[in-house]
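Visitor: Structure, please.
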Amino acid sequence: MTDTDHTQPEPADERDLLVERIIHAPRSAVWAAWTDPATLGQWWVPAPAVCRVVEFELRPGGSFRTEFSEDGVDFVPQITGCVLEVVPEQRLVWTTALTAGWRPAEQPFITAVIDLADHPDGTRYRATALHSGVAQRDEHLELGFHAGWGIVTEQLTALVEQR
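Guide: The predicted model follows:
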């Protein structure tokens, strides 16, 4: 896959959705954009909506909570989840199936796996959304997964490539 090829590879499991691209920035910059709450809030929702990172405890069992706003004033919950795995500059895994402290969530939806790897042109970025079944995957598709996750990946890319 090249950075100009916007066709997405098929995920390994039919229940999953995938966004992958080459980002012309070092892994450390992409990792920082994901793990610094102030920076994450700059790109995590499609503009012109605004994101607020409420909690982000970068450790297994830690809280991951974000809110978004269409007008920058009234915020509503977006992600309420739990961090599962943290491998600095390589992998971040979080889920909405659990909340902080490993508590079961009332409405689980996805587990997200963010993988970063060195690439001759910068970083290979791979974001996989795991779902419990095909129906849940299809619901995420209907909600606009490719458009939404594609836009935020472009926003992430623009942010780290300009630095």
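Visitor: okay, CA-based contacts and neighbour counts for the rest of this
Guide: Noted.
Visitor: Which strands border the longest strand seen in the chain, and is each parallel or antiparallel?
Guide: If you go by DSSP state E, the chain has its longest strand at strand 76-87. Applying DSSP bridges, strand 76-87 is found paired with strand 63-69 (antiparallel), strand 91-95 (antiparallel).
Visitor: List the contacts of the longest helix anywhere in the chain.
Guide: For the chain, the longest helix by residue count, based on DSSP state H, is helix 145-161. Applying CA atoms under 8 Å, 6 or more residues apart in numbering, the contact partners of helix 145-161 are 17, 19, 23-25, 29-30, 33, 43-46.
Visitor: one more time with 7 Å
Guide: Helix 145-161 has contacts (CA atoms under 7 Å, 6 or more residues apart in numbering) with 19, 23-25, 29-30, 43-46.
Visitor: picking up where we left off before, and the strands paired with strand 76-87: which comes nearest residue 12?
Guide: Among those, strand 91-95 comes nearest to residue 12, with 16.7 Å by CA to CA.
Visitor: Just list whatever residues bridge to residue 79.
Guide: According to DSSP bridges, beta-bridge pairing links residue 79 with residue 66.
Visitor: how about the strands of this structure, start to end?
Guide: Per DSSP E, the chain carries strands over the ranges 17-23, 50-56, 63-69, 76-87, 91-95, 98-99, 103-104, 111-119, 122-130.
Visitor: just so I know, which of those lies nearest residue 163?
Guide: strand 17-23 (12.2 Å).
Visitor: Please name every helix or strand in contact with that closest one.
Guide: With contacts defined as 3 or more CA pairs under 7 Å, 6 or more residues apart in numbering; DSSP states H and E, strand 17-23 has these neighbours: strand 122-130.
Visitor: Give me the angle between the strand it packs on and helix 145-161.
Guide: 150 degrees (axes from the mean of the first three to the mean of the last three CA atoms, to 10 degrees).
Visitor: coming back round to it: let me have the strands of the chain in CSV, extended by distance to residue 143, mean neighbour count and mean pLDDT.
Guide: Shown next, in CSV, are the strands of the chain (distance: least, CA to CA, whole Å; neighbours: other CA atoms under 10 Å; pLDDT from 0 to 100):
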stretch, distance to residue 143, mean neighbour count, mean pLDDT
strand 17-23, 12, 23, 97
strand 50-56, 18, 20, 97
strand 63-69, 16, 21, 98
strand 76-87, 13, 19, 97
strand 91-95, 18, 22, 98
strand 98-99, 21, 24, 98
strand 103-104, 24, 13, 97
strand 111-119, 16, 19, 98
strand 122-130, 13, 21, 97
